[in-house]
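[1] Can you look at this prediction? I've put the sequence above it.
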Amino acid sequence: MSPTPSPPTGGSTKRKTPIPETSTPSASASASTNPNTDEDGFTKVPTKEERRKMRKLSKHRPSFQFNVNEFRYGKKIGIAHVRDLVLYIVAEGNKPSWIQIEHKAFITHTVLLFVPGLLPSHLGLDQIPTVSCMPFSTVPTPTTTGSGSSTDPLPPARVPIIPKLFTYACPTRAPGDDRKLHSVLNSLLMSPIPDGLKKQKEKEAKQLAEAATSSDLPPFLYLLTPHQMLDNDYPIPSYISPSDTPVIPGLDLSTLPARGSTTSMSNGNVRNKGNRRDDPWLEIPRADGPPEDGKWPVLAMDCEMVLSEDGQELARVSILDYESGENIFDELVKPPKEIIDYRTQWSGITPEKISSATHTLSSIQSALQRIITPHTILLGHSLECDLIALRIKHPLCIDTALIYKHPRGPPFKAGLKWLAQRWLKRDIQQSDKGHDSEEDARTCLDLLRMKMTYGPDFGNTMENMEPIFERFNRNKPIRTSAFIDYSNPRTSLGAKATTAIRCTTDDEIVDKLLENVEGHDLVFGRMMELANVQGWNDRGIASDQFSPSDLDTSLSRFSGRLSRLHDSLPSNTALVLVNGHSNPLPMLKLTAKRQNWERLMKTLGGADNIPKDQRWMTEDERELERVTGEAREGMAFFCVKS
């Protein structure tokens with residue numbers, strides 16, 4: 001690649017010299033309009049004092065410059081490199097070698113913009129620049145064919161603001177492996193904790209482990225707070241108020257060890273789970289104080305579900321006692337509506353089993369009311385699903401899907417099968433006859449025992465990572481941050497940001513970015529319209545058809561939003577734009593095919609009974625690796641507002 005000469009940056013009267021291939025290309029372009037020209041086209045003559053100030057500002061104008069030598073040997077910039085660059089700008093992190101910032105101290109604010117769905121083709125470029133590792137020009141140039149006598153047609157450039165703001169783009173590589181794309185958002189907003197803090201955390205973890213093993217207290221340390229229950233769609237008793245403190249009647253919370261952070265995330269809404277009927281709820285009464293005998297029973301619970309025309313239906317309930325390990329309750333439940341899917345491969349429920357059921361939802365609630373007291377602590381994996389199926393509201397809950405954190409961080413939850421393999425060295429859910437609710441409940445029980453034995457940091461694969469916003473809060477002086485996204489900030493990576501705002505449209509994202517940029521050192525925002533219009537979500541697995549006119553309209557709107565954002569930013573604000581990855585739909589389709597193949601192999605007992613079009617072949621494996629590699633290709637753009 002031969003970089004073209006960069007236009008003057010920052011409104012400077014000096015023009016940069018043409019850059020040879022071995023030099024450092026400028027990442028940003030200057031504004032296309034003359035700030036000294038008024039709306040009538042007349043040139044305003046600055047005063048002597050204004051000219052002096054302009055020269056001083058121009059002399060110290062920050063700018064980004066790529067260090068091309070760092071790209072020569074095929075090094076691909078990852079999302080973590082972009083994150084570290086932001087840390088370097090905002091919180092004096094380690095200086096990156098692949099990009100230089102002239103006059104970094106004069107950067108006043110930083111805007112980090114995540115725009116999934118933006119592709120090279122939308123800029124009038126082919127896919128070749130992102131496959132390369134070298135920074136590439138954002139201005140489309142004709143490519144000659146092998147004969148050199150004609151040019152290949154390029155897609156039209158539909159985001160005209162990009163080449164106006166950014167002279168060059170940097171190819172990036174999304175996190176993942178040969179067959180999987182990992183979370184770009186987590187890589188962008190989660191960073192390793194410093195070594196000093198790591199040692200401090202290890203010391204605290206050891207103290208907590210000693211306190212946990214020496215204490216006769218029940219596992220209060222792992223109880224969900226009302227806020228965490230609300231965030232994870234738990235049905236909440238009417239007498240519980242939102243709080244960050246767990247509900248433990250009659251207990252002085254100061255006697256407990258300091259609580260570790262429990263992952264909090266949202267999986268939608270209670271009304272989207274269970275079935276559509278308005279069955280009566282059982283609310284466990286409030287406890288006015290501690291139990292008379294001082295015992296807080298812990299019961300591990302798991303339910304199996306089937307499907308009726310109303311949705312998910314309760315079919316089996318298994319409850320184990322934590323102290324004895326015995327199965328104290330195991331009953332089948334007959335749904336009120338005809339079952340249309342027994343989900344045997346997951347539930348283990350068959351027509352023969354359910355035919356012997358005598359319990360209804362109402363009778364199960366009556367039976368459980370005699371077992372679950374106001375002082376009972378319920379334990380389960382994604383326990384909210386079981387409580388919704390049972391129509392039970394209870395304040396004392398422990399969820400192994402939350403006290404054990406997913407390696408990729410929130411909003412992901414680790415599966416029970418994976419946790420059993422990773423921490424208990426046990427294989428569960430292996431039977432081709434479906435899951436066993438008793439086995440799952442016992443696994444939850446043993447996972448809690450491991451936490452009680454080794455302390456709250458046991459099984460925390462994210463213990464050496466932290467949100468960048470938390471690092472800003474620890475910086476001296478504190479660096480302020482704003483998290484502006486579609487997700488609920490309190491249940492996502494923005495929980496530690498100085499300001500966290502939930503939006504519903506890209507226009508609102510831009511509005512909130514501009515409202516908050518001057519009051520914060522870093523402002524993060526995510527635009528989702530381009531990804532949504534192209535079906536880059538669960539819908540995309542079934543259908544990747546979208547209207548080209550809708551995409552053109554969305555690209556035009558995005559160009560306008562980015563232009564408005566840049567024009568309204570304060571002077572000397574760094575703007576970093578990341579698209580994260582390319583089209584994931586081919587990868588998602590093949591992943592779904594492979595998962596379906598694995599399920600059919602278990603349920604049908606071999607490949608002979610599986611239709612040919614549903615078999616997973618060697619060529620499918622190779623194709624999955626190819627499209628995953630393509631999906632991991634991305635772009636990053638850097639400039640400073642003059």
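    All right, it came through fine. Numbering: from 1, shown residues only.
[2] what pLDDT does His406 get?
    Note on His406: pLDDT of 79.
[3] Name the nearest residue to it, sequence neighbours excluded.
    Nearest non-adjacent residue to His406, counting by Cβ to Cβ, 6 or more residues apart in numbering: Phe412, 3.9 Å away. Just so you know, the C-beta spots here come from the backbone N, C-alpha and C atoms, and that holds for glycine as well.
[4] Surely that neighbour is in contact with Met190?
    No - applying Cβ atoms under 8 Å, one finds Phe412 not in contact with Met190, separated by 11.9 Å.
[5] Looking at the two now, which is surrounded by more residues?
    Between Phe412 and Met190, counted using other Cβ atoms under 10 Å, Met190 has the larger neighbour count: 21 against 16.
[6] Surely the more buried one touches Glu466?
    Yes - between Met190 and Glu466 a contact is recorded at 6.9 Å, counting by Cβ under 8 Å.
[7] which stretches of the stretch 451-600 of the chain aren't confidently modelled?
    461-463, 490-491, 538-546 (pLDDT under 70).
[8] Can you show me the helices along it?
    Counting by DSSP state H, counting those that start in this stretch, the stretch 451-600 of the chain has these helices, from start to end: 468-474, 506-516, 529-533, 539-542, 548-568, 585-604.
[9] surely Val517 meets Pro570?
    Yes - assessed by Cβ under 8 Å, Val517 is found in contact with Pro570 at 6.5 Å.
[10] Residues that sit against both of the two, list them.
    By Cβ atoms under 8 Å, 6 or more residues apart in numbering, Val517 and Pro570 have these common neighbours: His109.
[11] okay, these two: which has more neighbours?
    Neighbours were counted for Val517 and for Pro570 using other Cβ under 10 Å; Val517 has more, 24 against 12.
[12] residue contacts, that one?
    Remark: with contacts taken as Cβ under 8 Å, 6+ apart, Val517 is in contact with 109, 111, 482, 523, 569-570, 573.
[13] What is the nearest of the residues you listed to Gln345?
    Ala482 (45.7 Å; Cβ to Cβ).
[14] What's the separation between that closest one and Val90?
    Computed as Cβ to Cβ, to the nearest Å, the Ala482 to Val90 distance reads 12 Å.
[15] Quickly list what's touching both of those two.
    Joint contacts of Ala482 and Val90 (Cβ under 8 Å, 6+ apart) are Leu522.
[16] Thought His359 was touching Ala367, still the case?
    Yes - counting by Cβ under 8 Å, Ala367 touches His359, with 7.4 Å between them.
[17] which residues are common contacts for the two?
    Joint contacts of Ala367 and His359 (Cβ under 8 Å, 6+ apart) are Glu331.
[18] So which of those two has more stuff around it?
    Neighbours of Ala367 and His359, each counted by other Cβ under 10 Å, are more numerous for His359; the result is 17 against 14.
[19] Do you have the helices of the stretch 251-400 of the chain handy? List them.
    For the stretch 251-400 of the chain, the helices defined by DSSP H, counting those that start in this stretch occupy 344-347, 351-355, 361-369, 383-390, 400-403.
[20] of those, which approaches Tyr168 most closely?
    helix 400-403 (43.2 Å).
[21] May I have that closest one exported as PDB, CA atoms only?
    The C-alpha trace of helix 400-403 is given here as PDB (Å, rounded to 0.1, in the frame of the first residue of the first chain):
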ATOM      1  CA  THR A 400     -24.800 -20.400  40.400                       C
ATOM      2  CA  ALA A 401     -25.200 -18.700  37.000                       C
ATOM      3  CA  LEU A 402     -24.300 -15.400  38.700                       C
ATOM      4  CA  ILE A 403     -21.900 -16.300  41.500                       C
END
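[22] and that helix, what does it pack onto?
    helix 416-423, helix 437-454 (3 or more Cβ pairs under 8 Å, 6 or more residues apart in numbering; DSSP states H and E).
[23] Can you spell out which helices and strands pack onto the shortest one?
    Which is helix 416-423. helix 400-403, helix 437-454.
[24] Deepest in the core, which of those is it.
    Of those, the one with the most neighbours on average (mean count of other Cβ atoms under 10 Å) is helix 400-403, at a mean of 25.
[25] and that helix, how far out from the chain's middle?
    Relative to its parent chain, helix 400-403 has a centroid offset of 17 Å by Cα atoms, centre = their mean, to the nearest Å.
[26] what mean pLDDT would you report for that helix?
    92.
[27] So which residues make contact with that helix?
    Contacts with helix 400-403, where a contact means Cβ under 8 Å, 6+ apart, come from 222, 224, 228, 232, 262-265, 379-383, 413-414, 416, 419, 444, 447-448, 451, 456, 459.
[28] Stretch 125-135 too?
    Identification of contacts with stretch 125-135 by Cβ under 8 Å, 6+ apart yields 1, 3, 25, 27, 66, 68, 71, 74-77, 120-121, 136, 138, 140, 143, 154-155, 168-172, 582, 630, 633-635.
[29] what do you get for stretch 470-481?
    Contacts for stretch 470-481 (Cβ under 8 Å, 6+ apart): 87, 90-92, 191, 193, 197, 468-469, 496-499, 519-524.
[30] quick one: which of these sit in strands?
    Judged by DSSP state E, the contacts of stretch 470-481 include 191, 499, 522-524 as members of strands.
[31] Make TSV from those and add neighbour count and distance to Val533 to it.
    Below are the ones in strands among the contacts of stretch 470-481 laid out as TSV (neighbours: other Cβ atoms under 10 Å; distance: Cβ to Cβ, whole Å):
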residue	neighbour count	distance to Val533
Ser191	21	31
Thr499	18	28
Leu522	26	28
Val523	27	25
Phe524	27	22
